[in-house]
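S.K.: any chance you can model this:
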Amino acid sequence: MMNGRFYARVEAYQGHEFVFGSIESSGQKTTRSAARIANDGSDYYMLQFYREGHREVTGSGREHVINPGDVLVVDMTQPITTIGREYKSTDIAIPRRLLANHLHDPDSHGARRLEGNRPLTALLCSHLIALNRSAPGLSHEDMLMLQSPTLAMIAAALNGEISPESAAGMTSGIRLAVQRYIEQNLHDLGLSVQDVAKQFGISRATLYRIMDKNGGFVSYLRLRRLHRCRGEISDPRLSHKTIAQVAERWGFTNSSTFSVSFQRAFGMSPRDCRQVAFGLAATKTAFGDTADWSKWLLDIR
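M.R.: Numbering: from 1, shown residues only. From the prediction side, this is the model:
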């Protein structure tokens, strides 16, 4: 408690074997003493991504200030004292038995500050925010699938490198984050592989390799914009828009090229798609009624 007033708002979720969530709190001083450690027997790591606020940290031979964008690492088996004012953070707690085997030196991370300008830190923070926002809609199976890439990202951020053992999990996690970012920025017709690579602190070659599973960066971007076109062409509320206007809005300025790409993606022409949507034809696409998952990606941004 500071200045005689304390408040806190906590949202927490169980992610299979880890716990994560967000905290908004007034200023406070926290102390985890050796006596407390011996008494409660807690054995896990806590990573706190500070979205707002500052915190002074002392522990494990370290003294520093956590700034917005940084991550504070708390090893619950080591003493630590923190003092700060109002703050907002996104946190995750991972049992030592899950994470320790992925770390070069499991006992060296108490009271660490991971600088927010490090690419691996920024990638981890982006993942934690997306995980927290999408949590209400995730099933137990989803949480189970997300555990491995989440652990891989945390290990990479703590180790300062991507090890061969965590590369597969990291690739999966980065791919999902890149897909989310693309979905959120489809309206930016100038979006390029350079922009996305810079956003995630990786090289263009790495981004191309990551997106190979999706047919390549350029093909994936085109397909997602084609899905947006299909959605607007099929929307009765946008019936006053010509197909050419819809296509141009999403970056397709050549009508012939657009029609060919649309036919290849959905098994029917843009005109037939509109007629089917408006009940003027009974044609069905070659891909059946496969749902467009753009809304899902946006939900977990």
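
S.K.: quick one: the nearest residue to R249 once chain neighbours are set aside from F266, how far?
M.R.: Computed as Cβ to Cβ, 6 or more residues apart in numbering, the closest residue to R249 that is not its neighbour in sequence is E232, at 7.5 Å. In short, each C-beta sits where N, CA and C put it, glycine included. Distance from E232 to F266, counting by Cβ to Cβ, to the nearest Å: 13 Å.

S.K.: what helices or strands is the strand or helix carrying T82 leaning on?
M.R.: In this structure, T82 sits in strand 80-84 according to DSSP states H and E. Packed against strand 80-84, as judged by 3 or more Cβ pairs under 8 Å, 6 or more residues apart in numbering; DSSP states H and E, are the following elements: strand 28-32, strand 55-59.

S.K.: coming back round to it: tell me the buried residues in the helix or strand hosting the residue nearest to R249?
M.R.: Using DSSP H and E, E232 maps to helix 217-233. The neighbour-count criterion (16 or more other Cβ atoms under 10 Å) identifies 217, 220-222, 224-230, 232-233 as the buried residues of helix 217-233.

S.K.: in the protein, which spans are helices?
M.R.: Secondary structure of the chain by DSSP state H: the helices cover 34-40, 96-99, 119-134, 140-159, 164-184, 193-200, 204-210, 217-233, 243-249, 255-266, 270-277, 294-299.

S.K.: in CSV: those helices, plus distance to R85 and mean pLDDT.
M.R.: Compiled in CSV, the helices of the chain are given as follows (distance: least, Cβ to Cβ, whole Å; pLDDT from 0 to 100):
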stretch, distance to R85, mean pLDDT
helix 34-40, 23, 88
helix 96-99, 30, 93
helix 119-134, 21, 87
helix 140-159, 26, 88
helix 164-184, 31, 75
helix 193-200, 30, 85
helix 204-210, 38, 86
helix 217-233, 42, 95
helix 243-249, 45, 96
helix 255-266, 52, 94
helix 270-277, 54, 91
helix 294-299, 33, 45
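
S.K.: show me the one of those that comes nearest D75.
M.R.: In terms of Cβ to Cβ, the element of the helices of the chain nearest to D75 is helix 96-99, at 8.2 Å.

S.K.: okay, that closest one in CSV with CA atoms only?
M.R.: What follows is helix 96-99, C-alpha atoms only, in CSV (Å, rounded to 0.1, in the frame of the first residue of the first chain):
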residue,chain,number,x,y,z
ARG,A,96,10.1,-24.6,-12.9
ARG,A,97,9.8,-28.3,-14.0
LEU,A,98,8.4,-27.2,-17.3
LEU,A,99,10.9,-24.4,-18.1
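
S.K.: contacting residues for N159?
M.R.: 102-104 (Cβ atoms under 8 Å, 6 or more residues apart in numbering).

S.K.: which of those count as buried?
M.R.: 102-103.

S.K.: quick revisit: out of the helices of the chain, nearest to Q14?
M.R.: Ranking the helices of the chain by proximity to Q14 (Cβ to Cβ) places helix 140-159 first, at 7.7 Å.

S.K.: in that closest one, which residues are buried?
M.R.: Taking 16+ other Cβ under 10 Å as the criterion, helix 140-159 shows 143, 146-147, 149-159 as buried.

S.K.: next one: stretch 71-91
M.R.: Neighbour-count burial for stretch 71-91, counted by 16+ other Cβ under 10 Å, picks out 71-80, 82-84, 87, 89-91.

S.K.: report the distance from that stretch to the chain centre.
M.R.: Remark: stretch 71-91 is offset 22 Å from the chain centroid, using Cα atoms, centre = their mean, to the nearest Å.

S.K.: and if you look at stretch 53-68?
M.R.: Put simply, stretch 53-68 sits 25 Å off its chain's centre (Cα atoms, centre = their mean).

S.K.: please apply the same query to stretch 228-241.
M.R.: The answer for stretch 228-241 is 29 Å, by Cα atoms, centre = their mean.

S.K.: residue numbering should commence at 14 henceforth.
M.R.: All right, first residue 14 from here; so that's stretch 241-254.

S.K.: start to end distance for that stretch?
M.R.: 14 Å (Cα to Cα, to the nearest Å).

S.K.: what does that stretch contact?
M.R.: Residues contacting stretch 241-254 (Cβ under 8 Å, 6+ apart): 199, 256, 259-260, 262-263, 265, 271, 275, 278-279, 283, 286-287, 289-291, 305, 307.

S.K.: quick check on those residues: which are buried?
M.R.: For the contacts of stretch 241-254, a burial check counting by 16+ other Cβ under 10 Å picks out 199, 256, 259-260, 262-263, 265, 271, 275, 278-279, 283, 286-287, 289-290.
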